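Trainee: Sequence first, then the predicted structure:
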Amino acid sequence: MGRRNKLEKFVELLGFPNVYQNFDFLNPQLQGVNGEIVQPRGKWREQHFKNQNPLVLELACGGGEYTLGLSEMYPDKNFIGIDVKGNRIWKGARKALAANRTNAAFLRTRIEQVHLFFGPGEVDEIWITFPDPFLKKSKANRRLTNHNFLALYEQIVKPGALLHLKTDSPELFEFTHEVLGQQNKWKLEKSIQDIYNADVILPELQLKTHYEKMHLIAGKKITYIQVKLV
């Protein structure tokens, strides 16, 4: 099929059974397939996945490459990719449907509102892969590992939940370490400054997105931080 424009993608998204969308950020209401109003908060496993497997989120998932890769690697877990851009989500959702990847779904909303769509302790794990580092100091509050976002995640994850950050930005890597040193709820489990020169690489870290491949070609180092909610 030929290339689709954004409008065509948005129309198609309405018919995807693995996509949920919040169109009005002032009204935290989700629409499922064909615009049906749904309320999966606290019931994602039962209502969408039809199982009781662990629930894993990928924040700012873009085209959902990591969500899809993890869902293939771990068929006994449920994955939801979250992004605010519908045309990005369309890519991952379409591929998931084509591959019959029933343990992968997508949510279109702002990360700042994630607590409105997941219940307390509902999430087992969070991945943040190559987010915008927002390098300007004036935009530090938009970095997905700042104090406000960590407090947000605490509202939806279980005690002992893992949070992963994979980034090519040394600035975001150092910033995250600084934030972690200023609080006592998230414990640093792993910190790797160059994952492809590390002694041991976790299976999940071997997944490479389109942008990660570009970063590697450009000679950038890929860093990784893993923390646990204590």
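Mentor: Thanks, I have the structure now. Numbering: from 1, shown residues only.
Trainee: Tell me who's in contact with the residue nearest the centre of the chain.
Mentor: In the chain, the residue lying closest to the centroid (CA atoms, centre = their mean) is Glu58, at 1.5 Å. With contact taken as CB atoms under 8 Å, 6 or more residues apart in numbering, Glu58 is in contact with Gly64, Tyr66, Thr67, Leu70, Phe79, Ile80, Gly81, Ile82, Ile126, Trp127, Ile128, Thr129. All C-beta spots, glycine's among them, are computed from the backbone N, C-alpha and C.
Trainee: Now for these: which two are most distant?
Mentor: Gly64 and Ile126 (15.2 Å; CB to CB).
Trainee: between the two, which one's more packed in?
Mentor: A direct count of neighbours by other CB atoms under 10 Å for Gly64 and Ile126 places Gly64 higher, at 29 against 23.
Trainee: isn't the more buried one right up against Ala96?
Mentor: Yes - using CB atoms under 8 Å, Gly64 is in contact with Ala96, at 7.2 Å.
Trainee: so what sits against both of the two?
Mentor: In contact with both Gly64 and Ala96: Ala104, Phe106, using CB under 8 Å, 6+ apart.
Trainee: mean confidence score for the biggest strand by length in the chain?
Mentor: Longest among the strand segments of the chain by residue count, using DSSP state E, is strand 157-167. For strand 157-167, mean pLDDT is 97.
Trainee: tell me which residues of the helix or strand just after that strand are tucked away?
Mentor: Remark: after strand 157-167, the chain's next helix or strand is helix 170-180, criterion DSSP states H and E. Buried residues in helix 170-180, counted by 16 or more other CB atoms under 10 Å: Leu172, Phe173, Phe175, Thr176, Val179, Leu180.
Trainee: can you put those in a markdown table and add pLDDT?
Mentor: Output for those, formatted as a markdown table (pLDDT from 0 to 100):
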| residue | pLDDT |
| --- | --- |
| Leu172 | 98 |
| Phe173 | 98 |
| Phe175 | 98 |
| Thr176 | 98 |
| Val179 | 98 |
| Leu180 | 98 |
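Trainee: Distance to His147 for those residues - can I get that in CSV?
Mentor: Formatted as CSV, the buried residues of helix 170-180 follow (distance: CB to CB, whole Å):
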residue, distance to His147
Leu172, 14
Phe173, 17
Phe175, 11
Thr176, 11
Val179, 6
Leu180, 10
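Trainee: can you list the weak-confidence ranges in this protein?
Mentor: 1-3 (pLDDT under 70).
Trainee: C-terminal to the longest helix along it, which secondary structure element comes first?
Mentor: The helix spanning the most residues in the chain, taking DSSP state H as the definition, is helix 86-98. Next in sequence after helix 86-98, counting helices and strands by DSSP H and E, comes strand 104-108.
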